[in-house]
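Participant: any chance you can model this:
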Amino acid sequence: THTHTHRRRLTMAEVEVAAGEVEMGPVDPIEVAYCPVCTMPYEYCEFGPTAKKCMTQLEQDDPELLRALMGEVSLEELDNARKKSRGGRTGRAAKQKLQGTEAESGILVTRSTRGKKKFITSIQGVRKYGINIKKCSKALSSRFAASSSVVGDDDIQVTGDITADVVNFLCDRFPEIPPADIEVLIKAK
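Facilitator: Alright, predicted model coming up:
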């Protein structure tokens, strides 16, 4: 005669308890505070375009949460860091700089917005180095796969944001342009 013992399969929770692990119950939901300015959680405010307004609002609403998020960094330090990272000039100061530099510097590369996420890069002063402006425009459009056009006497406009690569391209393609003579300005809208 055979005696059979039926074994029941254990659930994963029973295996964990048998192995000495603690059984966990349901986890309480986390309360998330949302910013009334940008409607994102406060943890994400510093990465948005309204960071200073958001942090000022948070300073009024919950200074403890602001200290927890920002540490010992003040709002002025945050603002200065953001200005340095984007070039430091916006609005009127950028326009004054733009008007003053065209005559004194060699080549001025500016990026301006066209619509929401579209840019135009303008290159001024190429003619001063004896470069054919139409050939330069053609070379830019070929290299960056973008449309470019000659506007006015000494201005090339290229669709898209090519400010990161245009300095190296101009110096490599036209050796008569020294890199120190090229200035890049990013205009705020």
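Participant: from here on, just use CA atoms for contacts and neighbour counts.
Facilitator: Noted.
Participant: leaving out sequence neighbours, find the closest residue to residue 118.
Facilitator: Leaving aside its chain neighbours, residue 118 sits nearest to residue 160 (6.5 Å; criterion: Cα to Cα, 6 or more residues apart in numbering).
Participant: need the helix or strand of this structure with the lowest average pLDDT.
Facilitator: The helix or strand of the chain with the lowest confidence, counting by mean pLDDT, DSSP states H and E, is helix 92-104 at a mean of 46.
Participant: C-terminal to that one, what's the next element?
Facilitator: Where DSSP states H and E defines the elements, the next helix or strand beyond helix 92-104 is strand 107-113.
Participant: tell me who's in contact with the closest residue to residue 40 other than its chain neighbours.
Facilitator: Residue nearest to residue 40 in three dimensions, not counting chain neighbours: residue 34, with 5.5 Å by Cα to Cα, 6+ apart. The contact partners of residue 34, taken as Cα atoms under 8 Å, 6 or more residues apart in numbering, are 40, 41, 42.
Participant: over to residue 151?
Facilitator: When contacts are counted by Cα under 8 Å, 6+ apart, residue 151 touches residue 157.
Participant: spit out the contact partners of the residue nearest to residue 183 when sequence neighbours are not counted.
Facilitator: Spatially, and ignoring its direct neighbours in sequence, residue 183 is nearest to residue 108 (5.0 Å; Cα to Cα, 6+ apart). By Cα under 8 Å, 6+ apart, the contact list for residue 108 reads 101, 102, 122, 123, 124, 125, 182, 183, 184, 185.
Participant: next up, phi/psi of the last one, please.
Facilitator: The phi/psi pair for residue 185 (degrees, to the nearest 10) reads phi -120, psi 130.
Participant: I'd guessed it sits against residue 107; true?
Facilitator: No - with contacts counted by Cα atoms under 8 Å, residue 185 stays clear of residue 107, the gap being 10.8 Å.
Participant: which one's more surrounded, these two?
Facilitator: Neighbours were tallied for residue 185 and for residue 107 using other Cα atoms under 10 Å; the higher tally belongs to residue 107 (26 against 22).
Participant: now the helices for the chain?
Facilitator: Secondary structure of the chain (DSSP state H): helices located at 12-18, 51-61, 63-70, 75-85, 92-104, 133-144, 163-173.
Participant: hey, least reliable of those by pLDDT?
Facilitator: Lowest mean pLDDT within the helices of the chain: helix 92-104, at a mean of 46.
Participant: who touches residue 179 in this structure?
Facilitator: The neighbourhood of residue 179, defined by Cα under 8 Å, 6+ apart, consists of 167, 168, 171.
Participant: do residue 168 as well
Facilitator: The contact partners of residue 168, taken as Cα under 8 Å, 6+ apart, are residue 179.
Participant: ok, now residue 41?
Facilitator: Neighbours of residue 41 in contact, by Cα under 8 Å, 6+ apart: 32, 33, 34, 35.
Participant: the last one contacts residue 53, correct?
Facilitator: So the one you mean is residue 35. No - when contacts are counted by Cα under 8 Å, residue 35 is not listed as touching residue 53 (10.0 Å).
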